[in-house]
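Asker: just the structure for this:
(one chain, ligands or ions: 1)
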Amino acid sequence: MNDGLFITFEGPDGNGKSTQIRLLKEYLEKKELSVIVTREPGALDIGKKIRDLLLNPVYKDQMTPEAELFLYEADRALHTKNLIIPALKNGSIVISDRYYDSTTAYQGVAGKIDLGLVLLCNKIASYGLIPDITFYLHAELDDIRRKTTTEEFGVADRPESKPDDEKQKRIDGFYALSTLEPERIKLIKYIPDKIDAMQSEIRKYVDKILKS
Ligand code: TMP
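Answerer: Predicted structure coming up:
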């Protein structure tokens, strides 16, 4: 399905994804390649509304695990159909900050939804589109605990307000996924003062795919 290249970044909150995505974009644009950076949830206008429903802590008492799953998947279906697939057909490199592995780790492994059901919903919402390569930036809980952001809502968002044991399960989930699909999911160890070394490792993988 891909004429372009579909790259995703995954991992727990605070693992330095945004910085690595920015650096990779700069690198690829220097090669005069067309690069589109996007994210889940909230890439499209309609997705921004879904993002608010999902992350805004004001809804924390009303949200249910099932509603949360369907909202992430609704955002994904709109994002994949309207943005990612057309951009790939155009030959662009699409870099997404999160995709369905986040749902598997957050709502499946760490959440309350049956894993088989999550995988089925992921398949429906992604129209079967699988990333060409996924970078899982693996961070330890201690590294990310100090990095809770309050920029979007003035306080920590809903997923970031969850207890440490749930955050650890997310990390375990991503880690397990990277061992189950090592061809697609590349584990890059997050080391806060080794941003450049992490980026070099990522670029090596991307260069290899571009050559092939
Ligand atoms: P971020 O854009 O800052 O990474 O925040 C998105 C949050 O949503 C983050 O805490 C992970 C969470 N999330 C899920 O729980 N499931 C999903 O499927 C996706 C895409 C994100």
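Asker: contacting residues for the residue nearest to the spatial centre of the chain?
Answerer: For the chain, residue 98 is the residue whose C-alpha lies nearest the centre (CA atoms, centre = their mean; 1.2 Å). Listed by CB atoms under 8 Å, 6 or more residues apart in numbering, the contact set of residue 98 reads 8-10, 17, 39-41. Bear in mind the C-beta positions are built from the backbone N, C-alpha and C, glycine included.
Asker: 7 Å - rerun?
Answerer: Applying CB atoms under 7 Å, 6 or more residues apart in numbering, one finds that residue 98 lies in contact with 10, 39-40.
Asker: ok, and the most crowded of those?
Answerer: When neighbours are taken as other CB atoms under 10 Å, the top entry among these is residue 10 (25 neighbours).
Asker: what helices and strands are in contact with the lowest-mean-pLDDT helix or strand in the chain?
Answerer: Least confident helix or strand of the chain, by mean pLDDT, DSSP states H and E, is helix 141-145 with a mean of 88. Counting contacts by 3 or more CB pairs under 7 Å, 6 or more residues apart in numbering; DSSP states H and E, helix 141-145 packs against helix 164-180.
Asker: up against the ligand, what does this structure have?
Answerer: Neighbours of the ligand within the chain, by CB under 6 Å from any ligand atom: 13, 39-41, 55, 72, 98, 102-103, 106-107, 159-160.
Asker: which one of these is nearest residue 64?
Answerer: residue 107 (11.3 Å; CB to CB).
Asker: looking at it, that closest one is touching residue 118, isn't it?
Answerer: Yes. Counting by CB atoms under 7 Å, residue 107 touches residue 118, with 5.6 Å between them.
Asker: for the helix or strand that contains residue 74, buried residues please.
Answerer: Counting by DSSP states H and E, the element that carries residue 74 is helix 65-79. Going by neighbour count (16 or more other CB atoms under 10 Å), the buried part of helix 65-79 is 68-69, 71-76, 78-79.
Asker: stretch 199-211 too?
Answerer: Buried-residue list, stretch 199-211, by 16+ other CB under 10 Å: 199, 201-203, 206.
Asker: now do the helices in the protein.
Answerer: With helices called from DSSP state H, the chain shows them at 17-30, 45-55, 65-79, 85-89, 100-103, 115-125, 141-145, 164-180, 195-211.
Asker: helices or strands up against the fourth one?
Answerer: It refers to helix 85-89. Partner elements for helix 85-89 (3+ CB pairs under 7 Å, 6+ apart): none found.
Asker: what's the answer for the second one, then?
Answerer: In terms of contact count using 3+ CB pairs under 7 Å, 6+ apart, helix 45-55 is assigned the packing partners helix 65-79.
Asker: can you pull out the low-pLDDT segments for this structure?
Answerer: Residues of the chain that meet the criterion pLDDT under 70 lie in 1-2.
Asker: that older thread, which of the helices of the chain sits most buried?
Answerer: helix 100-103 (a mean of 25; mean count of other CB atoms under 10 Å).
Asker: dump it to PDB, restricted to CA.
Answerer: C-alpha atoms of helix 100-103 as PDB (Å, rounded to 0.1, in the frame of the first residue of the first chain):
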ATOM      1  CA  TYR A 100      -1.700   1.700  17.100                       C
ATOM      2  CA  ASP A 101       1.100   0.300  19.200                       C
ATOM      3  CA  SER A 102       0.100   3.000  21.800                       C
ATOM      4  CA  THR A 103      -3.400   1.600  22.000                       C
END
